[in-house]
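Asks: Sequence first, predicted model second:
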Amino acid sequence: MKAGTHRLSGNEACAEGAIAAGCRFLGVYPIVPALEVVERFLKRCPEIGATFVQMEDEISVLAAVLGASWTGKKAMTVTSGPGFSLMMEHLGLGVMLETPCVIVDVQRGGPSEGMPNSPSQGDMMQARWGSHGDYEIVALCPNSPQEMFDFTIKAFNLSEKYRIPVVVMADEAVGHMTDNVVIPNKIELVSRKYYKGKKDKYLPFLREPALTGIPSMVDIGNGYKFHVTGLTHDERGYPIMNAECQEFCVRPLMEKIRKNVDEIVEFEEKDTNNAEIVVLSYGITSRVAEKAMDLATKDGIKVGFLRPIVVWPFPEKKVRELSKKIKAFVVPEINYGQIVYEVERCAGGNCNIIFVPSKSGAVHEPEEIVNAIKMGIKEEKREEVIQVKISNQQ
Amino acid sequence: MSIITTCLTNAVKKSRIKKVCLVSDFLYQREIVDSLEFDTFHVTRGRPIAFGTGLKLANPELKVIALIGDLITLGGNHFMHAGRRNMDIVVICVNNFIYPKIAGNTTPTTKVPFSQYAPFERPINVPHMAKSSGAVYVARWTTLHNSELTESITQALQKSGFSVIEVMAPGGSYFAGIPSLKNESELLKFYYENSVIKNGEDTRNVEIIPDNKIIVGKFFEQERPTFLDSYNAQLSRVMGDKFKPYV
């Protein structure tokens, strides 16, 4: 798409972002509310030399995406809650085989089939802990069509750089929102490292430096004769079942993210310096939170605003630092409490934590957050997370 | 297992296909990996066809072989749909049945050999399921039908489309502790001696029934456009000359 300003929905912007990032394979299984991403990508497929496949379920979708990624193409899939659940098996394989790919989760109300056409932030913890075993993941939270475009590109860059599946945690409201999207002239892209040495010397999981290094990939089918496995493996990719090899194989999956956390973590903050209360929110909720912050500031309250752009890994340092200076964090989420517990963990009892749940399946009203902010000023120090009662609760 | 990989390696050499890639759901021993002359992926149980679909579509030059143990259980849906699409993948389905003459009191099934009450479920007729799904090449051999198996894999490699070869092979751990069986090779021999070659047999008749002979052979072959053939044909129909075929 040409550089300039375009009128796009969040989902369309996501597809355009993927194309701009160089994504040339889309594996899909149709699901509401992510359909528009698929439609847009499919329409553009032939002109950009990309291909797509509609698989039989989301399990195979992510398997196909991982396969496609190993051929050297940038690959992506789009889904929502029920599909995201099915993808957990291969999210783990993607982490273990260190396969770059992007998963866009346009969240909808859950659990199970839930409410296909309503926004939610109910998959936040699933993105982090959904697959079995230990791993680190990178997840981004856009709050506008522009960010759907930008963050999809960012997600590809991070996934290529760290060889890890990256999740874009959008939601129905952002996906279906239409707004101006500026496509810049120049877009910075990152590509995975390729091995350039002798064919018979290639080691698929060789790290330099050990622990935090990112292994190189090769062109498959070209005589490197490599083996990779989802089992615990050594640097040759051979399965070895002992504690030593488990440490060798799994520890770097954490360390490559944890040691680079300052580089990966990104957040937006406003007026946090003198704030008494900080509203921490992400995704669509952050737009309402900004409005609430304005309203509360007019009432003379010192309110700050913190929005994790990269939600996983969580901006621990920042939250810990702020918690020592403020009276309370106000955390509005469209769920019954997920990221709020991460905030509680990082705040470590330094300040109050006030959780604002939404009327399920709907975005907050700014007043709900304003009330929580006022409550934060008055409330005495409490040990537990304070739950705000929402208006339709008895 | 090593017999199958030997046949596979020989078949790949014979077929002279250069860009080969193997996806499997088995644990490989190091020696086997070392002996293979192509790139190998060990992925999730039953899903090599799905993984292979991505490989094939993102790089149509590759010839993908899927070597699968959990084919008709975990991989059942992928199997059916890859057949329907005629995805260009050679599937080698490794089948470890338990046999009444060996286990003493069981009838064949695929997946519940560990209980003394099992199995009482009806096994799946893999060749017939493959044919019904739309495969272009269907065969079944035991591991001792060495040359036939190699020949079949070679033919399947040279064909484009979804090819299925079922291999009756003993899984070591399934038979441990069964008194009438001294070792795995006895079972190999049992399969071989109790099989009868019927090339071209209607796949409806090749169901494995206890105490009957196992029917092996090359059952079926046909020509059908592959997924990418149909994809290119459809898109050029819609877009006309503007469309450059994806190959």
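Replies: Received it, and whenever you're ready, just let me know what you need.

Asks: which residues in the stretch 101-250 of chain A form strands?
Replies: Assigned by DSSP state E, counting those that start in this stretch, the stretch 101-250 of chain A shows strands spanning A:101-109, A:115-119, A:138-140, A:165-171, A:178-183, A:227-229.

Asks: Could you tell me which strands the third one is paired with, and in which direction each runs?
Replies: Yep, that's strand A:138-140 we're talking about. strand A:165-171 (parallel), strand A:310-312 (antiparallel) (DSSP bridges).

Asks: of all the strands of the stretch 101-250 of chain A, which lies closest to B:Gly200?
Replies: Closest to B:Gly200 of the strands of the stretch 101-250 of chain A is strand A:227-229 (Cβ to Cβ; 37.5 Å). (Glycine included, C-beta is placed from N, CA and C.)

Asks: And the residue of chain B that's closest to chain A?
Replies: Per Cβ to the nearest Cβ, B:Gly54 is where chain B lies closest to chain A, at 2.7 Å.

Asks: need the next SSE after the helix or strand where that residue lies, C-terminal direction.
Replies: Applying DSSP states H and E as the criterion places B:Gly54 in helix B:48-58. Toward the C-terminus, helix B:48-58 is succeeded by strand B:63-68 as the next helix or strand (DSSP H and E).

Asks: ok, residues contacting that following strand?
Replies: B:4, B:8, B:17, B:19-26, B:46, B:48-49, B:52, B:55-56, B:75, B:88-94, B:157 (Cβ atoms under 8 Å, 6 or more residues apart in numbering or on different chains).

Asks: Just the buried ones from the residues you listed?
Replies: Among these, those classed as buried by 16 or more other Cβ atoms under 10 Å in any protein chain shown are B:4, B:8, B:17, B:19-26, B:46, B:48-49, B:52, B:55-56, B:75, B:88-94, B:157.

Asks: Tell me which stretches of chain B form strands.
Replies: Ranges of strands in chain B, per DSSP state E, are B:20-24, B:39-42, B:63-68, B:89-95, B:137-142, B:163-168, B:195-197, B:214-221.

Asks: Just the C-alpha atoms of the fourth one, please, in CSV.
Replies: Taking Å, rounded to 0.1, in the frame of the first residue of the first chain, the C-alpha atoms of strand B:89-95 are listed here in CSV:
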residue,chain,number,x,y,z
ILE,B,89,3.0,-34.8,0.8
VAL,B,90,4.1,-38.4,1.0
VAL,B,91,2.7,-39.9,4.2
ILE,B,92,4.2,-43.0,5.7
CYS,B,93,1.9,-44.3,8.4
VAL,B,94,3.6,-46.6,10.8
ASN,B,95,1.1,-48.9,12.2
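
Asks: What pairs with it, parallel or antiparallel?
Replies: By DSSP bridges, strand B:89-95 pairs with strand B:63-68 (parallel), strand B:163-168 (parallel).

Asks: Take the first one, keep the C-alpha atoms, and write them as PDB.
Replies: It refers to strand B:63-68. Extracted in PDB, the C-alpha atoms of strand B:63-68 (Å, rounded to 0.1, in the frame of the first residue of the first chain):
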ATOM      1  CA  LYS B  63       9.200 -32.600  -1.400                       C
ATOM      2  CA  VAL B  64       7.800 -33.200   2.000                       C
ATOM      3  CA  ILE B  65       7.600 -36.600   3.600                       C
ATOM      4  CA  ALA B  66       5.600 -37.100   6.700                       C
ATOM      5  CA  LEU B  67       6.500 -40.100   8.800                       C
ATOM      6  CA  ILE B  68       3.700 -40.500  11.400                       C
END
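
Asks: what mean pLDDT does that strand have?
Replies: What strand B:63-68 shows for mean pLDDT is 93.

Asks: likewise the last one?
Replies: Averaging pLDDT along strand B:163-168 yields 93.

Asks: contacting residues for B:Val138?
Replies: Contacts for B:Val138 (Cβ under 8 Å, 6+ apart) come out as B:Pro127, B:Ala130, B:Lys131, B:Ser163, B:Val164, B:Ile165, B:Thr203, B:Lys218, B:Phe219, B:Phe220, B:Glu221.

Asks: For ChimeraX, write the select line for the buried members of those residues.
Replies: Buried members of the contacts of B:Val138, defined by 16+ other Cβ under 10 Å, are picked up in ChimeraX with:
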select /B:127,130,131,163,164,165,203,218,219,220,221
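
Asks: quick one: which of the contacts of B:Val138 is nearest A:Asn350?
Replies: Closest approach between the contacts of B:Val138 and A:Asn350, by Cβ to Cβ: B:Val164, at 62.4 Å.

Asks: In this structure that closest one contacts B:Val126, no?
Replies: Yes. Using Cβ atoms under 8 Å, B:Val164 is in contact with B:Val126, at 7.2 Å.

Asks: which residue packs closest to A:Gly349, ignoring adjacent ones?
Replies: Distance criterion Cβ to Cβ, 6 or more residues apart in numbering or on different chains; nearest residue to A:Gly349, sequence neighbours excluded, is A:Glu383 at 6.9 Å.

Asks: And the pLDDT at that neighbour?
Replies: So A:Glu383 comes in at 88 (pLDDT).

Asks: Next: the one 10 residues further on.
Replies: At A:Gln393 the predicted local confidence, pLDDT, stands at 49.

Asks: same check, this time on B:Lys182
Replies: For B:Lys182, the predicted pLDDT is 64.

Asks: And for A:Glu333, nearest residue in space, chain neighbours not counted?
Replies: A:Gln121 (5.2 Å).

Asks: Number of residues surrounding that neighbour?
Replies: Neighbourhood size, A:Gln121 [other Cβ atoms under 10 Å in any protein chain shown]: 23.

Asks: for it, phi and psi?
Replies: Backbone torsions for A:Gln121, taken as degrees, to the nearest 10, come to phi -130, psi 40.

Asks: likewise the one 10 residues further on?
Replies: Summarising the backbone geometry of A:Ser131 under the convention degrees, to the nearest 10, its torsions are phi -90, psi 150.

Asks: picking that back up, give me the common contacts of B:Val164 and B:Val126.
Replies: Common contact partners of B:Val164 and B:Val126 (Cβ under 8 Å, 6+ apart): B:Cys93.

Asks: if I pick the nearest residue to A:Gly337 once chain neighbours are set aside, what's in contact with it?
Replies: In this structure, A:Gly337 finds its nearest non-sequential neighbour in A:Phe355, 5.6 Å apart by Cβ to Cβ, 6+ apart. With contacts taken as Cβ under 8 Å, 6+ apart, A:Phe355 has the following neighbours: A:Val331, A:Pro332, A:Glu333, A:Gly337, A:Val340, A:Val385, A:Ile386, A:Gln387, A:Val388.
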